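Colleague: make a model of this:
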Amino acid sequence: MENYSVFLPCYSIGDDEIYKKIPGICGLYGKTAVVIGGQTAMAKAKESLLAGIADSDISINDFELYGNEASFEAAAALCENAAVQEADMIFAVGGGKAIDTAKIVGDDLGKPVFTFPTIAATCAPTSAISAVYHPDHSYRTVRIYAAPPVHCFMNTRIMVEAPSQYLWAGIGDTLAKYYEPTFSGRGRELEHFNAMGLMISGMCVEPLVRYGKEAMDANKARQGSYAFDQVVLNIIVSTGLVSNLVDMDYNSSIAHATAYGLTTLEQVEKNHLHGENVSYGVLVMLTMDNQSEEREKIFAFNKSIGLPTKLADFGITVDDLASVLDKAASVNDIVVSPYEITRDMFEKAILDLEAFNKTK
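Modeller: I've put the predicted structure just below:
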């Protein structure tokens with residue numbers, strides 16, 4: 001039998017009071033922390049963070065900007081920072097890019113990382129990877145870690161006050177965390193961890209369809225709710241569990257390949273969010289794989305919260321598809337599939353989805 005270890009995310013969720021759990025959880029790892037994050041995120045969280053560690057043995061020695069991109073260069077600069085070097089642990093505050101940068105720093109310096117998401121857009125707070133970019137914002141690579149951050153503290157009071165576009169895109173990206181692993185793993189003998197990850201992936205769709213619209217309404221009203229909490233947990237925790245359990249080969253497929261294809265078009269790259277693109281890719285995937293009932297369900301859901309269902313939603317037409325199709329058919333994401341996926345199949349699925357839109 002192969003020897004391996006699995007490390008899964010730990011988390012706490014609540015309002016400002018949740019930060020009062022910091023001393024009991026983080027105190028096992030040291031007494032001093034440095035906060036690394038985005039400017040807006042740290043401003044939103046600072047008062048609550050300081051209140052959470054008041055009258056405890058934990059102290060924060062500084063608040064440091066992560067930079068302007070999740071890059072190796074930004075992480076290297078932080079590793080040279082005296083406050084970062086002197087801290088026992090790293091508190092990563094903000095969205096995916098800030099947290100992914102802090103995870104690189106923690107890994108390079110051998111310091112434990114604790115995450116404090118201020119938006120619910122990705123599973124970066126609970127995943128054992130960082131999406132790394134070049135300083136010019138072009139994609140570079142994925143960095144993989146032995147384990148996810150030690151603990152994630154989700155303050156839903158802060159998150160519900162964030163712009164709703166982040167939750168919206170997070171919902172779109174999370175939908176793929178069920179359809180892609182189950183597609184890629186279809187017909188394969190799956191080890192325990194992969195099989196468990198695929199089972200958990202079901203949590204990445206049904207709660208979103210059930211609570212997504214209500215959660216979006218709560219976010220726009222800046223008013224917390226049960227539905228909002230459930231969607232946050234699915235975006236950050238359910239996807240994080242799947243990401244940590246399932247092999248990279250099963251973590252991405254047609255939906256992400258479509259999204260990467262779309263970003264070859266400047267108007268899409270500049271004006272549309274990753275999760276938005278992925279949600280459209282899910283519909284392309286369900287169309288290609290002839291999952292008509294699931295397509296009907298996700299199509300209706302996308303419509304209900306304004307996620308894209310057709311090319312016009314991106315301001316493009318079928319005449320713009322050449323580079324989209326070339327890119328989508330060339331990425332490694334589609335290599336592990338139950339059948340060979342070709343450029344013609346992407347084209348047919350997109351055109352079939354366009355025709356389906358006209359029936360609605």
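
Colleague: which pLDDT value belongs to residue 1?
Modeller: Looking at residue 1, its pLDDT reads 65.

Colleague: got it, and the one 5 residues further on?
Modeller: With respect to pLDDT, residue 6 has a value of 92.

Colleague: repeat for residue 89
Modeller: Residue 89 is given a pLDDT of 98.

Colleague: wait, it touches residue 25, no?
Modeller: No. Taking CB atoms under 8 Å as the definition, residue 89 is not a contact partner of residue 25, at 10.7 Å. C-beta here means a position set from N, CA and C on the backbone, and glycine is covered the same way.

Colleague: where does pLDDT dip in this protein?
Modeller: 1 (pLDDT under 70).

Colleague: which helix in it has the most residues?
Modeller: In the chain, with assignment by DSSP state H, the single longest helix is helix 164-184.

Colleague: how distant is that helix from the center of its chain?
Modeller: Here helix 164-184 is found 8 Å from its chain centre; the criterion is CA atoms, centre = their mean, to the nearest Å.

Colleague: I'd like to know which elements it is packed against.
Modeller: Counting contacts by 3 or more CB pairs under 8 Å, 6 or more residues apart in numbering; DSSP states H and E, helix 164-184 packs against helix 192-200, helix 206-221, helix 226-233, helix 239-245, helix 254-262, helix 274-288, helix 292-305.

Colleague: between those, which one is closest to residue 329.
Modeller: Counting by CB to CB, residue 329 lies closest to helix 254-262 out of these; the figure is 7.5 Å.

Colleague: what about the closest one, distance to the chain center?
Modeller: Computed by CA atoms, centre = their mean, the chain-centroid distance of helix 254-262 equals 15 Å.

Colleague: what's next to it, contact-wise?
Modeller: By CB atoms under 8 Å, 6 or more residues apart in numbering, the residues outside helix 254-262 that reach it are 175-176, 179-180, 183, 268, 272, 274, 277-278, 280-282, 284-285, 288-289, 314, 323-329, 331, 333-334, 337, 341, 346.

Colleague: related to what we said a few turns ago, ok, residue 89 and residue 25, which is more surrounded?
Modeller: Using other CB atoms under 10 Å, the more surrounded residue of residue 89 and residue 25 is residue 89, with 20 against 15.

Colleague: all helices of the stretch 51-200 of the chain, in order?
Modeller: Listed in chain order, the helices of the stretch 51-200 of the chain (DSSP state H, counting those that start in this stretch) span residues 72-79, 82-86, 96-109, 156-160, 164-184, 192-200.

Colleague: redo those as TSV? Include distance to residue 2 and mean neighbour count.
Modeller: TSV is the format used below for the helices of the stretch 51-200 of the chain (distance: least, CB to CB, whole Å; neighbours: other CB atoms under 10 Å):
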stretch	distance to residue 2	mean neighbour count
helix 72-79	31	19
helix 82-86	36	14
helix 96-109	24	24
helix 156-160	39	21
helix 164-184	20	25
helix 192-200	11	17
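
Colleague: right, and residue 190 touches residue 198 too?
Modeller: Yes. In this structure, residue 190 is within contact of residue 198 by CB under 8 Å, at 6.7 Å.

Colleague: still on that earlier bit, now do the shared contacts for residue 89 and residue 25.
Modeller: Taking CB under 8 Å, 6+ apart as the criterion, residue 89 and residue 25 both touch residue 114.
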